[in-house]
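> Turn this into a structure:
(2 chains, ligands or ions: 2)
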Amino acid sequence: MTHAVDARDRYVAEFRRFAENGAGAGPGWLKELRQAGIERFAAVGFPTTRQEEWRFTDIAPLTQTPFTLPTAPDTEASPEMVERVLDGPTGARLVFVDGGFRPELSVATGLPSGVKLGSLGDAVRRDGDLLAAHLGRYASVERNPFTALSAAFLREGAFVHVTRGVSVEQPIHLLFLASGAAQGRMIHPRNLIVLEREAQATVVETYAAEDAGPHLTNAVTEFAVEDGARGRHVRIQREGDGAFHMATSQSHQGKDTSFSSCSLAFGAGLSRHDVTAVLAGTGGLLLLNGLSVLAGRQHVDYHTTIDHARPHCESHELFNGILAERARGVFNGRIIVRPGAQQTDSKQTNNNVLLSEAARADSQPQLEIYADDVKCTHGATIGPLDPNALFYLETRGVGAEAARQLMTYGFAADIVSRIDVPEVRERLDRLVRAT
Amino acid sequence: MQPMLEIHDLHANADGREILRGVDLVVHVGEVHAIMGPNGSGKSTLAQVLAGHPGYTVTQGFVRYEGQDLLDMDPEERAQAGLFLAFQYPVAIRGVTNAYFLRAALNAIRKTRGEPELDPIDFLQVLEEKLQAIGWDDSVVNRPVNDGFSGGEKKRNEILQMAVLEPKLAVLDETDSGLDIDALKTVAEAVNRLRSPSKATVVVTHYQRLLNYIIPDFVHVLVDGRIARSGGKALALELEEKGYDWVKPEPAVA
Ligand SMILES: Nc1ncnc2c1ncn2[C@@H]1O[C@H](COP(=O)(O)OP(=O)(O)O)[C@@H](O)[C@H]1O
Ligand SMILES: [Mg+2]
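Ligands and ions are numbered 1, 2, ... in the order given. A predicted model of the protein is given here:
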């Protein structure tokens, strides 16, 4: 208990330093958002395993580590490191190292007119009205203690804005790197993606670390998909084993929209990802997929919420977990069907394969259905690789170990193959083969 | 001539229960054998024991394949040595496409034959040829193995695998069941096209109708875990006419 109070005081003190250190000079709306964030955090503090939402994920190792904000900008990251992480050429991309925007590693050309792509820091100056209208509106400070901290320490991240009717063909990459200098630091990337009516875009977020010691990444992404728009979001987390990775992704869909989200967790010692998708207009289609591939003592906790707020929407959710050695996976899939959201069609599946006796997975569906004319199904599996399938492969001449690898790959490919952007899918296919 | 397959007095258990109770069977190169019998008589168990399913324990007898002790080999070694089992119930492999799986299997087998591995492009060419040879399109190639396949597609897929892997001894376990007459004919044609004087086939079937299209040299009737009767293709017609009850009271013939 005292630990938790100490930790809370530490973050409040860190916020005071942050506010005195130039952050107090921002526009009024930003100051208010930050203030609301720290007040909310001071009121609720860090969660404990006594709270239902955090029952399986003990963040004590995180709260006990005194992380501080990065001070001097880092100059470590080389273009080669960026190439290595991205594995292949990209078009437009924004690169952030230890939380700081690195324009010299970024590319913002080749995009159609009507697209704004830049750092949030720049956008605060240039597009204040747009930010004020959207930031914190979806992932509010009340969402969880980490969105509160994100608002409090809000400074940098990516801003993507696509004007009405504009289609962006090439995927936009957002790359967040932790360098050796990230050790002991906390980084709060904050991203806002807005697709105006009938716009289309694909955004790929990657969080990666090379040789970074323990640090905290607390990333929040808000993705607004306005009426008739079509968005795709891929989020790849491959931080180092020492990292704590807290994440919130929140999408908000208007009428007749389609949105696909795929979250992949390969890294971090302890990670928690809250994915919330709100279907706020009729005729929305949502594909919410995820994959975790973990080993050692890694722990991942995916809490997803699909909020069917309006009628005639469809959601398909598929999360696969591959857990080796002593890894632990948690999946909580909440589906809310609001009163009046008739003709909702929602399907949730969570499959976990345990590659060792010591690996563990917990899966819980959480259905809250307040309408009567709906179709909602859910299912979960937890277990070792199917011995009959292994035998089947062996009878085709594939050795036992190769058969296990093939099936494990298939479990990952089951998710990756659903990404309908070939360039991104192929990149991820290489990544899962190498994992 | 040394038989390709020699099964002698084979007894096998599952879950402590004896299912095979002394099976004898000899298959020479170039031959087609049919094994018939009522449901539950042990046909699939025999096929699975030949393929090396770990769920069955052999308690007595031996199996020689090309002079080797088959029961002493791992399932993949049996496949690499040219044995192929078309499953009665093919298993789905989530996320692994047929093309990817077949290339992995073919390369594993080629490796033991001392042949170079095929890259994806060379392999696609092989696959294309095989599909053409058996007269099928490539609609199943990029779908995950047997995942969401219809019953007929699964059976077809077993035959496609057989065509690609080119086994010496193929055991087809009820590859005809659940197929309509057109699909049955296609499967039979594919099997006939793969017939060769240097190979052998064991066709396990509950019904005689497949044997109108795949003409066997020998027919055996398996009842209660034993070969109760053996004969030529006329035996299949007799079974069709009289049913299996007619075989049951007879003592096993040597
Ligand atoms: N793995 C197993 N465990 C327990 N019983 C089995 C197993 N496999 C088959 N059996 C039993 O053995 C008998 C023969 O089954 P099977 O070989 O599938 O027959 P067939 O293929 O001739 O229909 C059946 O009674 C079946 O229930
Ligand atoms: Mg059978």
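
> wait, doesn't B:V63 sit right on B:D9?
No: using CB atoms under 8 Å, B:V63 makes no contact with B:D9, being 10.2 Å away. Where you see a C-beta, it was placed from the backbone N, CA and C, and this is true even at glycine.

> ok, these two, which is more surrounded?
B:V63 (21 against 12; other CB atoms under 10 Å in any protein chain shown).

> Got the confidence number for the closest residue to the more buried one other than its chain neighbours?
Sequence neighbours aside, B:L70 is the residue nearest to B:V63 in space, at 4.3 Å (criterion: CB to CB, 6 or more residues apart in numbering or on different chains). In this prediction, B:L70 carries a pLDDT score of 98.

> what's the distance between B:L70 and ligand 1?
Here the criterion is CB to the nearest ligand atom, to the nearest Å. By it, B:L70 lies 18 Å from ligand 1.

> sec struct for B:R21, please.
In three-state terms, and counting by DSSP: H, G, I helix; E, B strand; the rest coil, B:R21 is strand.

> count of neighbours near it?
17.

> A:N332 now?
21.

> secondary structure class for it?
Put simply, A:N332 is strand when judged by three-state DSSP.

> Please give the element, helix or strand, for the closest residue to it other than its chain neighbours.
Spatial nearest neighbour of A:N332, chain neighbours left out: A:H303 (4.7 Å); criterion: CB to CB, 6+ apart. Using DSSP states H and E, A:H303 sits in strand A:299-308.

> Get me the contact residues on chain B for ligand 1.
B:14-15, B:17, B:19, B:37, B:39-45, B:55 (CB under 6 Å from any ligand atom).

> ok, which of those residues also contact ligand 2?
Among these, the residues that sit close to ligand 2 (CB under 5 Å from the ion) are B:43-44.

> three-state assignment of B:K155?
What three-state DSSP gives for B:K155 is helix.

> Any figure for the gap between it and ligand 1?
15 Å.

> Just confirm that residue contacts B:G178, I think it does.
Yes: counting by CB under 8 Å, B:G178 is a contact partner of B:K155 at 7.1 Å.

> Which one's more surrounded, the two?
Between B:K155 and B:G178, counted using other CB under 10 Å, the more crowded position is B:K155 (26 against 14).

> The more buried one and chain A: what is the separation?
Going from B:K155 to chain A by CB to the nearest CB, to the nearest Å gives 14 Å.

> Name the nearest residue to that residue, sequence neighbours excluded.
Counting by CB to CB, 6+ apart, the nearest residue to B:K155 once its immediate chain neighbours are dropped is B:T175, at 5.3 Å.

> how many other residues sit next to the residue nearest to A:N332?
22.

> Also B:K168?
B:K168 has 17 neighbours, counted by other CB under 10 Å.

> did I read that right, A:I236 in a helix?
No: using three-state DSSP, the assignment for A:I236 is strand, not a helix.

> list the contacts for it?
By CB atoms under 8 Å, 6 or more residues apart in numbering or on different chains, the contact list for A:I236 reads A:204-208, A:264, A:266, A:428, A:431.

> Distance check, the residue in the stretch 1-150 of chain B that chain A sits nearest to against ligand 1.
Nearest to chain A in the stretch 1-150 of chain B, going by CB to the nearest CB, is B:G95, at a distance of 3.3 Å. Separation of B:G95 from ligand 1 (CB to the nearest ligand atom): 26 Å.

> Am I right that that residue falls within a strand?
No: applying three-state DSSP, one finds B:G95 to be coil, outside a strand.

> My guess is it contacts A:A412. True?
Yes: under the criterion of CB under 8 Å, B:G95 makes contact with A:A412 at 6.9 Å.

> Can you pull out the low-pLDDT segments for chain B?
Along chain B, the parts satisfying pLDDT under 70 run over B:248-254.

> Strands of that one, start to end?
Assigned by DSSP state E, the strands in chain B fall at B:5-14, B:17-27, B:32-36, B:57-65, B:68-69, B:83-86, B:169-173, B:200-204, B:218-223, B:226-231.

> Dump the ones you listed to JSON lines, plus distance to A:T65.
Below are those laid out as JSON lines (distance: least, CB to CB, whole Å):
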{"stretch": "strand B:5-14", "distance to A:T65": "54"}
{"stretch": "strand B:17-27", "distance to A:T65": "58"}
{"stretch": "strand B:32-36", "distance to A:T65": "67"}
{"stretch": "strand B:57-65", "distance to A:T65": "54"}
{"stretch": "strand B:68-69", "distance to A:T65": "60"}
{"stretch": "strand B:83-86", "distance to A:T65": "56"}
{"stretch": "strand B:169-173", "distance to A:T65": "59"}
{"stretch": "strand B:200-204", "distance to A:T65": "64"}
{"stretch": "strand B:218-223", "distance to A:T65": "68"}
{"stretch": "strand B:226-231", "distance to A:T65": "70"}
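
> Mind checking which of the residues of chain B next to ligand 1 land in helices?
Per DSSP state H, helices hold the following members of those: B:43-45.

> Return the closest of these with respect to ligand 2.
Using CB to the ion, the shortest approach to ligand 2 within those belongs to B:S44, at 3.2 Å.

> thinking again about what came up before, residue contacts, the residue of the stretch 1-150 of chain B closest to chain A?
A:409-415, A:417, B:144, B:147.

> go again using 7 Å as the cut-off
Applying CB atoms under 7 Å, 6 or more residues apart in numbering or on different chains, we find B:G95 in contact with A:410-414, A:417, B:144.

> Next one: it from A:F56, what distance?
Distance, B:G95 to A:F56, using CB to CB, to the nearest Å: 26 Å.

> Kindly report the same for A:A148.
Taking CB to CB as the measure, A:A148 falls 21 Å from A:F56.

> Those two: who's more crowded?
Legend: neighbour count by other CB under 10 Å for A:A148 and A:F56, higher for A:A148 (24 against 19).

> where does the more buried one land in three-state SS?
helix.

> Around the residue of the stretch 101-250 of chain B found nearest ligand 2, how many other residues sit close by?
The minimum distance from the stretch 101-250 of chain B to ligand 2, using CB to the ion, falls at B:E174 (5.6 Å). Counted by other CB under 10 Å, the residues lying close to B:E174 total 21.
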